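Undergrad: fold the following, please.
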Amino acid sequence: MTKPRLLMVLNDAPFFITHRLPVALAARDAGFEVHVAVPHDDGPVALMRQKGLQHHDIPLKRGARHVGGELALILRLWRIIGSVKPDVLHAVTMKPVLYAGLVARLRRVPAVVHAITGLGYLFLIDGLAARLQRAFVKRLYRFALSHRNAVAIFQNPDDLQLFRDNRLVDPAITVMIRGCGVDMTRFARRPEPRGKPVVVFPARILGDKGVHEFVAAARRLHDRATFLLVGRTDPDNPTDVGDAGIRAWEREGILTWQGFANDMPAALAQANIVCMPSYREGLPRVLIEAAAIGRAIVTTDVPGCREIVRHEENGLLVPARDETATAAAVQRLIEDPALRHRFADEGRARAETEFSVELFVDQSLDAYRRVSPSSFATTKDARASRF
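TA: Below is the predicted model of the structure:
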């Protein structure tokens, strides 16, 4: 009997490995033939193939807006979807949702699952050009999300409400799945390091991730704590700082840049405090990971971040774009180890209860089952596979 086919479309191969591989493996173990359309990246693609997943390269650049490039991406998705003929298409992040969703409607794909993981830079800026682009993107969303048999997954209630207010999605097809799930064994509780406190910024080095507010705190407090940037640059993003800017901060002597972390549990374990004062998120997995290993968190009172951190319970929330408040919150945690430990206990408990990878995988498979129950008629259920 022919296996049902799942096609997952994403914008970044490392992101697929860290955020969606457990779902793909669970679908594989449930009897699906799993295909992944994502830009080629040697290491992640090798791992996909090792796990029995079929990879399809797509010409997607997250920050690019050149018409020719966008049309090339749509054409490539048209060919892949026509060739694979998926029973279920799962599109994750903005461009895959917009473009694969568009093609799925035109190609009459039987079932579609959309994952709205955040609204991106376009929804953070103002100006005539941005307003015109947002108006166009909203029209695309409205078309892509109007598939006759679809589920739209949202990670936080603010994004869901925005889509409802703008009539971009039928409320009847929406589902709330908070975050992407974290392996509580891999991200086991770890004791804080001793000595001078360490404050870690664990994200891409972008302005809209709050790196400038983090740097301002480092300037004020580097004599009292060690400040580390753990993340890669992202030239496709308009708020990318770039290597030169980061090296200039290092020359000031206020922080150290460690680059991309292949071992995230170890990267977070070196921290006493995790600080990511982002301007807006879908639901940042790294803050769940920080809570899981038992770290007090400083983040912003914005969509996504406040879904993970409750003020004065497992961390401190500060206003976005507020250097003074960010520095004050970090200083408070530097000076109060007992408060850090209380936040760590609560954070770990919340992570286990609300954000486990097993819960995320089960909820994701439920979304597939909702739009394509026939795909499960001859398959077995599966929980998260370890990797």
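
Undergrad: how about the strands in the stretch 251-387 of the chain?
TA: Ranges of strands in the stretch 251-387 of the chain, per DSSP state E, counting those that start in this stretch, are 256-257, 273-276, 296-300, 315-318.

Undergrad: what comes up buried for the helix or strand of the chain with the lowest mean pLDDT?
TA: Between all helices and strands in the chain, the lowest mean by mean pLDDT, DSSP states H and E belongs to helix 128-144, at a mean of 81. Buried residues in helix 128-144, counted by 16 or more other Cβ atoms under 10 Å: 134, 137-138, 140-141, 144. The way it works is simple: take the backbone N, C-alpha and C, and place the C-beta from them, glycine included.

Undergrad: including distance to residue 193, could the residues you listed go into TSV?
TA: Listed next are the buried residues of helix 128-144 as TSV, based on distance: Cβ to Cβ, whole Å:
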residue	distance to residue 193
134	44
137	44
138	46
140	47
141	44
144	46
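
Undergrad: where do the helices of the stretch 51-200 of the chain begin and end?
TA: 67-84, 94-95, 101-107, 128-144, 157-165 (DSSP state H, counting those that start in this stretch).

Undergrad: still on that earlier bit, using JSON lines, lay out the strands of the stretch 251-387 of the chain together with mean neighbour count and mean pLDDT.
TA: Output for the strands of the stretch 251-387 of the chain, formatted as JSON lines (neighbours: other Cβ atoms under 10 Å; pLDDT from 0 to 100):
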{"stretch": "strand 256-257", "mean neighbour count": "16", "mean pLDDT": "98"}
{"stretch": "strand 273-276", "mean neighbour count": "27", "mean pLDDT": "98"}
{"stretch": "strand 296-300", "mean neighbour count": "28", "mean pLDDT": "98"}
{"stretch": "strand 315-318", "mean neighbour count": "25", "mean pLDDT": "98"}
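
Undergrad: of all those strands, which one comes closest to residue 206?
TA: strand 273-276 (10.7 Å; Cβ to Cβ).

Undergrad: so what does that closest one touch, helix or strand wise?
TA: Counting contacts by 3 or more Cβ pairs under 8 Å, 6 or more residues apart in numbering; DSSP states H and E, strand 273-276 is packed against strand 198-201, helix 211-221, helix 285-293, strand 296-300, helix 323-335.

Undergrad: show me the one of these that comes nearest residue 229.
TA: Among those, strand 198-201 comes nearest to residue 229, with 5.1 Å by Cβ to Cβ.

Undergrad: for residue 348, find the nearest of the helices and strands packed on strand 273-276.
TA: helix 285-293 (6.3 Å).

Undergrad: chain center to the closest one, what's the gap?
TA: Distance of helix 285-293 from its chain centroid, counting by Cα atoms, centre = their mean, to the nearest Å, is 12 Å.

Undergrad: for stretch 99-116, same thing?
TA: That offset, for stretch 99-116, works out to 21 Å (Cα atoms, centre = their mean).

Undergrad: who are the packing partners of the least confident helix or strand of the chain?
TA: Against helix 128-144 (3+ Cβ pairs under 8 Å, 6+ apart) you get helix 101-107.
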